[in-house]
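Participant: 3D, please:
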Amino acid sequence: MKTFKKVLLVGAIVVIGVLGVAISLTIGWQPFIGPSARPLTSRQFERTPQRVERGRYIFHSMAACVDCHSEHDVSKPGSPILAGMEGSGEVLPFDGLPGRVVAPNLTPEPQTGSGNWTDDQLALSIREGIGHDGRALFPMMPYGFYRQMSDEDLASVVVYIRS
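Facilitator: Numbering: from 1, shown residues only. Prediction:
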């Protein structure tokens, strides 16, 4: 009986360890324990034509924000983005995800878009994976990668989203 209890204990420890490693390597712990956010500030990024152009380039090319945050025409080869729907948000069409994952509307429209978000809320979402409402974003949003983004590039993306 003592051997059975030892085997059961070791088995439970192994399962817990494997589960811990699996969570750490996949979705991470932030969705479970909640975000550890820095306090929001009132910072605003200066709007310049150069930042708008740089932000457009990053949004459409380097960071490819437009790919997830835009509706696509799945009836056409390559699922092109619907004209005029760039940044308008989309329910992501991936099977096997835990529930429905929505890439939000980033247009400056105040009712359904990011028009009421502060510059710092957008920056916090991009770099730290914390939504404008304080919740942890699903790790499909590559905020871990965007942490490496320079301050100038971050400001440019925020200014472009505002435009």
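
Participant: Only C-alpha atoms from now on, for both contacts and neighbour counts.
Facilitator: Noted.

Participant: What does the residue most central in space within the chain show for phi and psi?
Facilitator: Relative to the mean C-alpha position of the chain, the nearest C-alpha, by C-alpha atoms, centre = their mean, is the one of Met141, at 2.7 Å. In terms of degrees, to the nearest 10, the main-chain angles of Met141 are phi -70, psi 120.

Participant: quick one: pLDDT of it?
Facilitator: At Met141, the model reports a pLDDT of 85.

Participant: If you tally nearby residues, what's the number for the nearest residue to it once chain neighbours are set aside?
Facilitator: Of all residues not flanking Met141 in the chain, Gly129 sits nearest, at 7.2 Å (C-alpha to C-alpha, 6 or more residues apart in numbering). When neighbours are counted by other C-alpha atoms under 10 Å, Gly129 registers 27.

Participant: Same check on the one 5 residues further on?
Facilitator: By the other C-alpha under 10 Å criterion, the neighbourhood of Gly134 contains 15 residues.

Participant: wait, the residue nearest to Met141 sits on Met140?
Facilitator: No - using C-alpha atoms under 8 Å, Gly129 makes no contact with Met140, being 9.8 Å away.

Participant: do you know how far the residue nearest to the centre of the chain is from Phe45?
Facilitator: 22 Å (C-alpha to C-alpha, to the nearest Å).
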